[in-house]
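1. have a look; sequence and predicted model below, questions after that.
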Amino acid sequence: MRPWLVFASSLLLVLSPACQRLPSDDDTSSGNDGPSNDDTTGFATLLPGDGESGMADEDTGIMGACDPVEQIGCPAGEKCTAIVSGGLVTYACAPDSGGLDPQAPCTASPSDGVDGCPAGMACLEDEGGSGLCVGLCEADADCEQGQCSPARETDIPYCANDCSPFESPCPSPLACRRNGDRFSCLFLGNGDTGGAGSPCAVTDDAGCAPGLVCLPGALVPECTNDNCCAPVCDLAEADPCPTPSSCSPILEGPAPGFEDIGACFVPA
């Protein structure tokens with residue numbers, strides 16, 4: 001168990017109305033819009049906007065009174081998951097409806113977290129509304145392999161597995177995309193369909209289809225925009241790039257296993 005959870009659990013039992021509380025004589029009073037007590041455990045579900053208690057995770061900065069990775073802090077029949085309210089992400093207890101397998105298609109429900117995904121996972125969607133049960137995380141160490149990355153639509157951190165842009169190992173609707181010092185299975189945007197030479201934004205390689213990255217226009221032949229999409233290439237294979245471009249590295253300080261990933265452009 002993480003050290004802050006030991007402290008937080010004991011503190012919340014006495015002080016917090018958010019995720020756990022002791023029953024009191026006035027719990028049945030009318031006009032209370034807060035969470036209702038569980039008759040057998042004395043727990044209450046943390047809903048968006050309930051209370052101010054909780055702590056911010058040191059890696060993600062997300063507030064929460066339960067742990068989405070170790071699944072600590074929620075009563076039986078509930079799971080700790082990510083809730084989005086007013087554009088902010090919190091970790092809260094929600095009914096664990098279950099029924100879906102990891103990486104199963106799903107329908108996201110970020111307002112209440114009831115999405116059918118297993119405990120420790122949440123249904124996240126791309127901009128087109130296609131959802132997938134993915135593992136929640138607070139740091140890279142929480143992922144078996146890959147990086148703890150914020151989902152593009154909600155900023156909910158999830159385990160984005162490592163992948164190769166030369167193959168198709170990512171389950172739909174994820175695609176293998178550049179992610180810092182590696183390539184990861186990430187959610188696409190609706191406009192991520194551009195081919196070589198199409199205009200794009202360097203952040204998230206937005207505007208480029210899978211298999212391409214966004215580079216400064218001055219490096220991409222015949223590009224007439226500030227930035228243009230360029231196809232990825234394998235530095236360990238014969239150069240497939242049309243002249244005057246050549247297959248050149250695109251990752252600064254690549255993670256182990258990603259040293260041979262490049263793109264077709266004219267080196268500055």
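-> Great, that's in hand. Numbers count the residues shown, from 1 in each chain.
2. ok, how many other residues are close to the closest residue to residue 239 other than its chain neighbours?
-> Leaving aside its sequence neighbours, residue 239 sits nearest to residue 247 (Cβ to Cβ, 6 or more residues apart in numbering; 4.6 Å). C-betas here are computed from N, CA, C, even on glycine. Neighbourhood size, residue 247 [other Cβ atoms under 10 Å]: 22.
3. likewise residue 151?
-> Neighbours of residue 151 (other Cβ under 10 Å): 21.
4. how about the one 5 residues further on?
-> The tally of other residues near residue 156 (other Cβ under 10 Å) stands at 26.
5. my guess is it meets residue 110, correct?
-> Yes. Counting by Cβ atoms under 8 Å, residue 156 touches residue 110, with 7.3 Å between them.
6. SS state for the residue nearest to residue 239?
-> Classification of residue 247 using DSSP: H, G, I helix; E, B strand; the rest coil returns strand.
7. any idea how far it lies from residue 214?
-> 17 Å (Cβ to Cβ, to the nearest Å).
8. next one: residue 244
-> 19 Å.
9. more neighbours, the two?
-> Using other Cβ under 10 Å, the more surrounded residue of residue 244 and residue 214 is residue 214, with 25 against 8.
10. now for the more buried one: which residues touch it?
-> Contacts for residue 214 (Cβ atoms under 8 Å, 6 or more residues apart in numbering) come out as 200-202, 205-208, 227-230.
11. could you dump the helix or strand harbouring residue 159 to CSV, C-alpha only?
-> Taking DSSP states H and E as the criterion, residue 159 maps to strand 157-160. Extracted C-alpha coordinates of strand 157-160, given in CSV (Å, rounded to 0.1, in the frame of the first residue of the first chain):
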residue,chain,number,x,y,z
PRO,A,157,-4.2,8.8,-17.2
TYR,A,158,-4.1,5.3,-18.6
CYS,A,159,-1.5,2.7,-19.5
ALA,A,160,-0.5,3.3,-23.1
